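In: Here's my sequence, what's the structure:
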Amino acid sequence: MRPAALAFDAAAPGFDRRFGQWLSVAAQRDAVRCALAAVFPPRGRIFEIGGGTGEDALWLAQRGYQPFLTDPAPEMVALSSKKLAPSGGRAELMAAEDIELFAGRYLAEGGDIFDGAFSNFAALNCVDDLAPLGRGLARLLKPGGAAMLVVFGNFPPGEMLVECLRGRPGQAFRRLRRGNAPARLGGKDFVVRYHRAREIRSAMQPWFRFVRRAGIGIFVPPSAAEPWISRHPGLLAACSRLDRVIHRPLAFLGDHILYHFERTGVQMP
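Out: Down below sits the predicted model:
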């Protein structure tokens, strides 16, 4: 496994227990889910990249969708498989970097193409080169299918403020860094990359048309503000309402940014 997969594999047993209690995470997740429900066709077949413990896939399955979750960490896949089993959802081991190989094998085995795809909470920031992602998704999605990709924002004022107040200016401005940046989870070190809008759009062309982007967590504080913000649900609700108003014009200020792409009719060579 790659270093990021090793880190998330180590963190998997306590992942839901840690992040599932944080209201800031729930607020950002709700914003993403609203966007997914607005574009994915009812009962559609949905492909997920970096699905972790399966929280979003389970949410989709409970609403009649047919989720197919992938993740590079075996423990994450094991946890998500248990959650999805009652609903008929599927989870499989796959690193995002290997999506082209996966797509070739999956289609050769007679797998059906998907109505939509998504990746939530910056799983793609653990991927250095996004070009294979565009090519792999192009093979897996039907024309007109939506690809909803949620990555870290590059200029999140909420995180900058929180980290400065904590006396950690190096952390406050880490997302401005070009190239790889150090990260740590589950006692394991790995690197992340804070992708810019231009490289994300370039990786998806010409197989996908860029539709829009939306800020996720502009006024809603980042997880760095936990557990303090979870003790103020009224304030958090007000922040969520503000985000719903400004999520498009101020998308670049999001803790996360959702990029909405649509599969074109351009065929793969």
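In: hey, let's count contacts and neighbours off CA atoms from now on
Out: Noted.
In: Kindly list the single helix or strand of the chain that scores lowest on mean pLDDT.
Out: helix 169-172 (a mean of 90; mean pLDDT, DSSP states H and E).
In: Just checking: what are the partner strands of the helix or strand that it is followed by?
Out: Downstream of helix 169-172, the first helix or strand assigned by DSSP states H and E is strand 180-185. Using DSSP bridges, the strands paired with strand 180-185 are strand 188-193 (antiparallel).
In: What helices and strands are in contact with the helix or strand just after the strand it pairs with?
Out: Remark: after strand 188-193, the chain's next helix or strand is helix 197-204, criterion DSSP H and E. Under the contact criterion of 3 or more Cα pairs under 8 Å, 6 or more residues apart in numbering; DSSP states H and E, helix 197-204 touches helix 131-140.
In: residues of the next helix or strand after the helix it packs on that come out buried?
Out: Downstream of helix 131-140, the next assigned helix or strand under DSSP H and E is strand 141-152. Neighbour-count burial for strand 141-152, counted by 16 or more other Cα atoms under 10 Å, picks out 141, 142, 143, 145, 146, 147, 148, 149, 150, 151, 152.
In: returning to that earlier point: tell me how far the least confident helix or strand of the chain lies from the chain's centre.
Out: 23 Å (Cα atoms, centre = their mean, to the nearest Å).
In: Restricting to C-alpha, output that helix in PDB.
Out: Taking C-alpha atoms only, helix 169-172 is exported to PDB below (Å, rounded to 0.1, in the frame of the first residue of the first chain):
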ATOM      1  CA  PRO A 169       1.200  29.800  11.600                       C
ATOM      2  CA  GLY A 170       2.900  27.100   9.700                       C
ATOM      3  CA  GLN A 171      -0.300  25.000   9.700                       C
ATOM      4  CA  ALA A 172      -2.400  28.100   8.900                       C
END
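In: Confirm that residue 213 sits in a helix.
Out: No - per DSSP: H, G, I helix; E, B strand; the rest coil, residue 213 lies outside any helix segment and is strand.
In: If we ignore the residues flanking it in sequence, what's nearest it?
Out: Nearest residue to residue 213 in three dimensions, chain neighbours excluded: residue 259, at 4.5 Å (Cα to Cα, 6 or more residues apart in numbering).
In: quick one, what contacts the one you found?
Out: Residue 259 sits next to 147, 148, 149, 150, 210, 211, 212, 213, 214 when contact means Cα atoms under 8 Å, 6 or more residues apart in numbering.
In: out of those residues, who's nearest residue 185?
Out: For the contacts of residue 259, the minimum distance to residue 185 (Cα to Cα) is 19.6 Å, reached by residue 150.
In: beta partners of the closest residue to the closest one other than its chain neighbours?
Out: Distance criterion Cα to Cα, 6+ apart; nearest residue to residue 150, sequence neighbours excluded, is residue 258 at 4.3 Å. Beta-bridge partners for residue 258, by DSSP bridges, are residue 150, residue 214.
In: Nice, that's everything, thank you.
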